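A.B. asks: No letters, just coordinates:
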């Protein structure tokens, strides 16, 4: 898991097929498993949008759930928009892929694992030149973990994200369902098999819907059951409730 360079920790980029798919909770779960393995972990949020200064952001939420880790936020913009648009509206400098890569490399010098949580999807723009999280991943030569929805409509978005990664020769580490429902419908059950097929990548986890509301200690203990061994857990995705 994660891109490795001699003398540096691993870097794993976490993106989603869109907004509100569960990226922060997945980031926290991956961090929790690494912390349980006594690894030094950092979470990097390149651009936090939609929050005023001083309010806890996504990186802080990941730390609250996962435990003691380093958090870094490169920029914050108050409007809940794509980073490039939010930066322009606020009259603030945008974040560039080069700045993201530099910050990740500096964190990797001091940590075993650096998790970069993007904003929205893979190709959401950071700056007016069209820089994206994918461009930062290319600079870092880092694998990408994609957080996906469980139900109807997820297959097309997942396939498009996987295609964008392949076009950039970026390794797709796998998929994690960010909000697995307690009572999955037919589409969700079928997607357990269909998602890995359309992405040509393994399903590496399914986070129960509402997991982010659990007490932190419960979250950390339970996370081992949500993620596959490649992400430090013990989940066998074939044990999830699949198609009858």
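C.D. replies: That came in fine, so what should we check first? Given the structure is predicted, the values throughout are model-derived calculations rather than measurements.
A.B. asks: tell me the strands in this protein, going along the chain?
C.D. replies: Counting by DSSP state E, the chain has strands at residues 3-5, 8-16, 41-49, 70-77, 113-121, 144-148, 172-180, 203-208.
A.B. asks: can you redo these as JSON lines with distance to residue 28 and mean pLDDT?
C.D. replies: The way it works is simple: take the backbone N, C-alpha and C, and place the C-beta from them, glycine included. Output for these, formatted as JSON lines (distance: least, Cβ to Cβ, whole Å; pLDDT from 0 to 100):
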{"stretch": "strand 3-5", "distance to residue 28": "20", "mean pLDDT": "54"}
{"stretch": "strand 8-16", "distance to residue 28": "10", "mean pLDDT": "95"}
{"stretch": "strand 41-49", "distance to residue 28": "8", "mean pLDDT": "97"}
{"stretch": "strand 70-77", "distance to residue 28": "11", "mean pLDDT": "97"}
{"stretch": "strand 113-121", "distance to residue 28": "9", "mean pLDDT": "96"}
{"stretch": "strand 144-148", "distance to residue 28": "12", "mean pLDDT": "98"}
{"stretch": "strand 172-180", "distance to residue 28": "11", "mean pLDDT": "98"}
{"stretch": "strand 203-208", "distance to residue 28": "9", "mean pLDDT": "97"}
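A.B. asks: Reformat those as TSV; add mean neighbour count and distance to residue 88.
C.D. replies: Listed next are the strands of the chain as TSV, based on neighbours: other Cβ atoms under 10 Å; distance: least, Cβ to Cβ, whole Å:
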stretch	mean neighbour count	distance to residue 88
strand 3-5	17	31
strand 8-16	24	22
strand 41-49	25	12
strand 70-77	19	9
strand 113-121	27	15
strand 144-148	27	26
strand 172-180	24	29
strand 203-208	24	33
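A.B. asks: Using a markdown table, lay out the ones you listed together with distance to residue 218.
C.D. replies: Listed next are the strands of the chain as a markdown table, based on distance: least, Cβ to Cβ, whole Å:
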| stretch | distance to residue 218 |
| --- | --- |
| strand 3-5 | 31 |
| strand 8-16 | 22 |
| strand 41-49 | 19 |
| strand 70-77 | 21 |
| strand 113-121 | 21 |
| strand 144-148 | 21 |
| strand 172-180 | 17 |
| strand 203-208 | 11 |
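A.B. asks: Looking at those, spot the one closest to residue 102.
C.D. replies: Among those, strand 70-77 comes nearest to residue 102, with 9.7 Å by Cβ to Cβ.
A.B. asks: counting contacts, what elements does the closest one pack onto?
C.D. replies: Judged by 3 or more Cβ pairs under 8 Å, 6 or more residues apart in numbering; DSSP states H and E, the packing partners of strand 70-77 are strand 41-49, helix 58-66, helix 83-90, helix 97-108.
A.B. asks: the inter-axis angle of it versus strand 41-49?
C.D. replies: 10 degrees (axes from the mean of the first three to the mean of the last three Cα atoms, to 10 degrees).
A.B. asks: and for strand 70-77, what are the contacting residues?
C.D. replies: 40-51, 53, 57, 59-60, 62-63, 83, 86-87, 89-90, 92-95, 99-100, 103, 107, 110-111 (Cβ atoms under 8 Å, 6 or more residues apart in numbering).
A.B. asks: Great, nothing more from me.
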